[in-house]
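Peer 1: model this:
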Amino acid sequence: MDTIASLFSFITWPVSWVIVQFHSLYGAIFGDNTGWAWGLSIVSLVVLIRICLIPLFVKQIKSTRNMQVLQPKMKAIQERYKSDKQRQSEEMMKLYKETGTNPLSSCLPILAQSPFFFALYHVLSAIASNKKIGVIDQSLLDSARQAHIFGAPLAAKFMNSPAEVSALGASLTDVRIVTAVMIVMMSASQFFTQRQLMTKNVDLTVKTPYMQQQKMLMYIFPVIFAVMGINFPVGVLVYWLTTNVWTMGQQMYVINQNPTPGSKAQDQYLARLLKSVTAHGEVRGRTRRNMVKRIVSKGPDRNDIERKFITGLAKLGLAAQEDGMVIKGEAAVTEAEGGAAQRRQQPKRQTKAQRQTGAVQQAGAKDADSTESGSKASLHKQDATQDEKLKPAGKPASGSSRQAKSGQRKGPQRPKHPSKK
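Peer 2: Numbering: from 1, shown residues only. Here you go, the predicted structure:
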């Protein structure tokens, strides 16, 4: 580690100068020889570096999302040219060029921090060895060696021997407790940052090997930090813990304000946005208007979450516009009010008593109809009998031999018995 740190000795002087400037500020408040003054100086160094790296972080986010989108195409290229590695590489580079994606952009923040990290390690190692370095003269060196954070010197390590710890004016137990707690916190913050990225800010509709790779890194990185942490001085642990906490907060902000399309975070974001529009009747905030603008510009290419948001606006009688605002729309109002002329009204569900009452009434109506029908049939029969009586005698109907006499049955007569003749 010392050999690697020496490679970045060219940046040692700027790092030591920044720490000394912050120390002069905090020393006036907490005291020159206190751990608060030196510890907060290291924390301020981290904050300053991370603020300068925000543009690289934005590029990292864009590169990561582009890589997620390109994973299906990259997999297709690998399958198509699996026997020709050179052609496969050429097609990959062509795809990156066409989409403006740089695979190394996701590593830029870590690569940019590395010189400052190793320079700080080099400074703290020099303090532990009682050597002047950069702008840190002998008086500042003595002050830094006296500074303790919760009983652990800035230059102490978990693996130091009791003699080395005693030379710094501390006990081995205090040093190991403090360093162990900081290592656990450093690894936990790294795990939580990667976990929230995988569980909330990943497009769940796309299953690619990239997701499996990120899932593996979620468990590997904390272990790497834990193993390396036992060789870091307390000041370096303060630096790395601060940068992990910064990354975690920065990641949470991105997830809440600019989530990946199709992810769980986007579903939660649009639900909050729809609730805000319901309460105020408009889209408030430039960030939210930009989100609505992007959704409108997609048109039919919207995902299910974005279509659900547009439908939710329609139910409120609102329509999203190209500038990110929402207005009252006639079609949306018709949809929201139910469209009585266009929708089929569903009958209300009746209780058991109402159904029984309706059945009795229906049966009574049927009986009345049958009685009325029977009355009409009887009257019709009487009319037919009267017409038959009034009809004059004429020729017998065809098929009959003679007209039936009064009182006799029509048709062929049965012969009388011989005894009744």
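Peer 1: Quick check: mean pLDDT of stretch 77-84?
Peer 2: Stretch 77-84 comes out with an average pLDDT of 82.
Peer 1: gap between the two ends of that stretch?
Peer 2: Stretch 77-84 has its terminal residues 11 Å apart, counting by CA to CA, to the nearest Å.
Peer 1: Pull out the buried residues from that stretch.
Peer 2: 77, 81 (16 or more other CB atoms under 10 Å). Yep, even glycine has a C-beta here, placed from its N, CA and C like the rest.
Peer 1: Once you drop chain neighbours, what's closest to the most centrally placed residue in the chain?
Peer 2: Nearest to the mean C-alpha position of the chain, by CA atoms, centre = their mean, lies residue 264 at 1.6 Å. Leaving aside its sequence neighbours, residue 264 sits nearest to residue 200 (CB to CB, 6 or more residues apart in numbering; 5.0 Å).
Peer 1: hmm, back to that, how close does the residue nearest to the centre of the chain sit to residue 232?
Peer 2: Residue 264 sits 35 Å away from residue 232, going by CB to CB, to the nearest Å.
Peer 1: and if you look at residue 124?
Peer 2: As judged by CB to CB, residue 124 and residue 232 stand 9 Å apart.
Peer 1: more neighbours, the two?
Peer 2: residue 124 (27 against 24; other CB atoms under 10 Å).
Peer 1: That one is in contact with residue 236, isn't it?
Peer 2: Yes. Taking contacts as CB atoms under 8 Å, residue 124 lies within contact range of residue 236: 6.0 Å.
Peer 1: Can you pull the poorly scored residue ranges out of the chain?
Peer 2: By pLDDT under 70, the low-scoring segments of the chain are 1-9, 65, 68-69, 71, 103-107, 203-214, 329-421.
Peer 1: just the strands in it please.
Peer 2: Using DSSP state E, the strands found in the chain span residues 148-149, 152-153, 318-320, 326-328.
Peer 1: Just list what the third one packs against, helices and strands only.
Peer 2: Using 3 or more CB pairs under 8 Å, 6 or more residues apart in numbering; DSSP states H and E as the contact test, the elements touching strand 318-320 are helix 286-298, helix 304-315, strand 326-328, helix 330-337.
Peer 1: Reformat those as CSV; add mean neighbour count.
Peer 2: As requested, those are exported to CSV (neighbours: other CB atoms under 10 Å):
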stretch, mean neighbour count
helix 286-298, 16
helix 304-315, 17
strand 326-328, 14
helix 330-337, 14
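Peer 1: With distance to residue 92 as added columns, please give these in TSV.
Peer 2: Converted to TSV, the helices and strands packed on strand 318-320 look like this (distance: least, CB to CB, whole Å):
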stretch	distance to residue 92
helix 286-298	27
helix 304-315	30
strand 326-328	42
helix 330-337	45
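Peer 1: quick one: residue 301 from residue 267, how far?
Peer 2: Separation of residue 301 from residue 267 (CB to CB) stands at 18 Å.
Peer 1: between these two, which one's more packed in?
Peer 2: Shown here are residue 301 and residue 267; by other CB under 10 Å, residue 267 has more neighbours (19 against 7).
Peer 1: list the contacts for that one?
Peer 2: With contacts defined as CB atoms under 8 Å, 6 or more residues apart in numbering, residue 267 is in contact with residue 305.
Peer 1: do that again at 10 Å, thanks
Peer 2: Contacts for residue 267 (CB atoms under 10 Å, 6 or more residues apart in numbering) come out as 200, 204, 259, 303-306, 308-309.
Peer 1: Equivalent analysis for residue 78, please.
Peer 2: Shown in contact with residue 78 (CB under 10 Å, 6+ apart): 85, 88, 91-92, 209.
Peer 1: are any of the residues you listed buried, and which?
Peer 2: 88, 91-92.
Peer 1: which of these lies closest to residue 46?
Peer 2: residue 92 (35.7 Å; CB to CB).
Peer 1: Go ahead and confirm the closest one touches residue 77.
Peer 2: Yes. Under the criterion of CB atoms under 10 Å, residue 92 makes contact with residue 77 at 6.2 Å.
Peer 1: Need the overlap of contacts for these two.
Peer 2: Here residue 92 and residue 77 have residue 70 as joint contacts, going by CB under 10 Å, 6+ apart.
Peer 1: on that earlier part again, what touches both of residue 124 and residue 236?
Peer 2: Common contacts of residue 124 and residue 236 (CB under 10 Å, 6+ apart): 5, 42, 154-155, 157.
Peer 1: need the contacts of residue 267 in CSV with distance to residue 241, can you?
Peer 2: Listed next are the contacts of residue 267 as CSV, based on distance: CB to CB, whole Å:
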residue, distance to residue 241
200, 23
204, 32
259, 27
303, 37
304, 40
305, 35
306, 38
308, 40
309, 38
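Peer 1: and which of the residues you listed is nearest residue 277?
Peer 2: Distance to residue 277, by CB to CB, is smallest for residue 309 among the contacts of residue 267, at 9.6 Å.
Peer 1: Apart from its chain neighbours, what residue comes closest to that closest one?
Peer 2: Excluding the flanking residues, the one nearest residue 309 by CB to CB, 6+ apart is residue 270, at 4.3 Å.
Peer 1: check contacts around that neighbour.
Peer 2: Applying CB under 10 Å, 6+ apart, we find residue 270 in contact with 259, 288, 291-292, 295, 305-306, 308-310, 312.
Peer 1: Run through the residues that contact the closest residue to residue 217 other than its chain neighbours.
Peer 2: If the residues on either side of it in the chain are set aside, residue 217 comes closest to residue 194, at 6.5 Å by CB to CB, 6+ apart. By CB under 10 Å, 6+ apart, the contact set of residue 194 is 214-215, 217-222, 247-248, 251.
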